[in-house]
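Chemist: output the structure for:
(one chain, ligands or ions: 3)
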Amino acid sequence: MNAPAIKTAAPKSFRIKSYGCQMNVYDGERMADLLTAEGMAATPDGDEAELVVLNTCHIREKAAEKVYSEIGRLRRADGSRPMIAVAGCVAQAEGAEIVRRARQVGVVVGPQAYHRLPELVAEAATGRVGIDTDLPALAKFGRLPARRRSGPSAFLTVQEGCDKFCTYCVVPYTRGAEVSRGWSAILDEARALVDGGAKEITLVGQNVNAWTGEDEAGRAQGLDGLIRALDRLPGLHRIRYTTSHPNDMTDGLIAAHGDVERLMPFLHLPVQAGSDRILKAMNRSHDARSYLAVIDRVRRVRPDIAISGDFIVDFPGETDADFEATLSLVDQIGHAQAYSFKYSPRAGTPAATMADQVPDAVADERLKRLQALIAAQQAAFNRGTVGRRTDALLERPGKRPGQHIGKSPWLQSVVVDGGAIGDLMPVEIVAAGPVSVTGAAVPID
Ligand code: SAH
Ligand code: SF4
Ligand code: F3S
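Modeler: Ligands and ions are numbered 1, 2, ... in the order given. Model (predicted):
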């Protein structure tokens, strides 16, 4: 049942804009690989593309609204519109609605179906909207071209989907059930990324630490096994993983933080709230104490680990006392960084219809207090690293000529003079700001 689209010529150039999480960044890169393999050219920044792919995120209300306004704005200098493909989680959640609300959209493709993007684009060029929002687990991976070039730091999706069903969250509906990619496919892709220039690989998944599989010898493995296999990969210097669920922090994974040298001292482990009553209503299946116990165990094996997290303020029914419990939890953790969001009711999730939705004015005030506390912790963490000798993986140019911005092992942004993109530059951290540090090159001894 394909609606009529605006007939356009088959596009020869494309631009992909990704919103949302690291999985979407990864998917955006793979869609670019696919379109390039079809002979289409990625447009340099500022140039007009004949096809614009909006790789969308559905996690909060404003995210979807931004997509609709972006669709409305996309116009070429001569007034014509590029072909628009909506991909990602908004496409999955609102496929039919998008076609109804935004007639200029030619393609709607969900996160598990984008291996079909070239066919759908061809269909749109004939004047019919190309839609595919099926959720076939893992089908796409076997259909994507091999990875060739990579930046110094690459994402590699190893796990997708979520079975946790937190009551506020759309991800189980937009990404489908938890599935793990196979061991060899992951290691092959990691090798290709390193051959293509990657020095750091971040394993990504909605619940990446729920990854399970079997190695070449048929032995059952968890994420720690995969990390240890990557640790033996020549040419790879740094390993990271994100995002994790507190309940899937296995003994093996915690131990890996203590003895796998290439595993970076950084852990993004969302907790969401500090009140057990709210955590229960969120269906998080952990409480504040068990969360702190995990952090404590990781710190025991890796004392310098940088902790990051996600917080939601003003979940339905959150009282002042509940919110104070979140502040107190944050106080006990001491973050290197963290994200915090105002609760956004999402249609179809259980929390959206819960009683006692918190008024906006209260929400804004609480969010401000939480963010101030997190910002103070981040600044303190950064100050605490001044004087350390470490290395920075340079990823992009800085503001001033000759300057570069890289990442420290603790995922701080490090601003350095000199070096080149892709360098793993030995530095001493000489100054700290609220969201970055300054590194000075040190001679290699
Ligand atoms: N799988 C990860 C994160 C998924 S989404 C995890 O469980 O931790 C990223 C973050 O968005 C979540 O950690 C949560 O803090 C936030 N988030 C998800 N749904 C939200 C909603 N309805 N309103 C506000 N924030 C939300
Ligand atoms: Fe969403 Fe919860 Fe799953 Fe994370 S664990 S993706 S917050 S449902
Ligand atoms: Fe957003 Fe989908 Fe990721 S909703 S956070 S892009 S899984």
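
Chemist: quick one: the longest helix anywhere in the chain near ligand 1?
Modeler: The longest helix of the chain (DSSP state H) is helix 360-384. No - taking CB under 6 Å from any ligand atom as the criterion, helix 360-384 and ligand 1 are apart, separated by no less than 10.5 Å. From N, CA and C alone the C-beta is placed, and that goes for glycine too.

Chemist: and the contacts of the following helix or strand past that helix?
Modeler: Later in the chain than helix 360-384, the nearest helix or strand by DSSP states H and E is strand 389-397. Applying CB atoms under 8 Å, 6 or more residues apart in numbering, the contact partners of strand 389-397 are 151-153, 199-200, 237-238, 403-409, 414, 416, 419-429, 439, 442.

Chemist: now whatever helix or strand comes next after strand 389-397 against strand 389-397, angle please.
Modeler: On the C-terminal side of strand 389-397, the nearest following helix or strand under DSSP H and E is strand 403-407. Here the directions of strand 403-407 and strand 389-397 differ by 120 degrees (axes from the mean of the first three to the mean of the last three CA atoms, to 10 degrees).

Chemist: elements contacting strand 403-407?
Modeler: strand 389-397, strand 413-417 (3 or more CB pairs under 8 Å, 6 or more residues apart in numbering; DSSP states H and E).

Chemist: same thing but at 10 Å, please
Modeler: Contacts defined by 3 or more CB pairs under 10 Å, 6 or more residues apart in numbering; DSSP states H and E place strand 403-407 against strand 389-397, strand 413-417, strand 424-432, strand 436-441.

Chemist: residue 438 is in contact with residue 408, correct?
Modeler: No - Residue 408 lies out of contact with residue 438 (CB atoms under 10 Å); the separation is 11.1 Å.

Chemist: now do the shared contacts for the two.
Modeler: 382, 414, 427, 429 (CB atoms under 10 Å, 6 or more residues apart in numbering).

Chemist: can you give me the strands for the stretch 201-350 of the chain?
Modeler: 212-214, 220-222, 238-242, 266-268, 306-308, 310-313, 339-342 (DSSP state E, counting those that start in this stretch).

Chemist: now render those strands as a markdown table, adding mean pLDDT and distance to ligand 2.
Modeler: Output for these, formatted as a markdown table (pLDDT from 0 to 100; distance: least, CB to the nearest ligand atom, whole Å):
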| stretch | mean pLDDT | distance to ligand 2 |
| --- | --- | --- |
| strand 212-214 | 97 | 16 |
| strand 220-222 | 98 | 17 |
| strand 238-242 | 98 | 12 |
| strand 266-268 | 98 | 12 |
| strand 306-308 | 98 | 15 |
| strand 310-313 | 98 | 8 |
| strand 339-342 | 96 | 11 |
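
Chemist: adding distance to residue 321 and mean neighbour count, write these out as JSON lines.
Modeler: Formatted as JSON lines, these follow (distance: least, CB to CB, whole Å; neighbours: other CB atoms under 10 Å):
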{"stretch": "strand 212-214", "distance to residue 321": "39", "mean neighbour count": "16"}
{"stretch": "strand 220-222", "distance to residue 321": "38", "mean neighbour count": "16"}
{"stretch": "strand 238-242", "distance to residue 321": "31", "mean neighbour count": "24"}
{"stretch": "strand 266-268", "distance to residue 321": "27", "mean neighbour count": "24"}
{"stretch": "strand 306-308", "distance to residue 321": "24", "mean neighbour count": "22"}
{"stretch": "strand 310-313", "distance to residue 321": "14", "mean neighbour count": "22"}
{"stretch": "strand 339-342", "distance to residue 321": "18", "mean neighbour count": "17"}
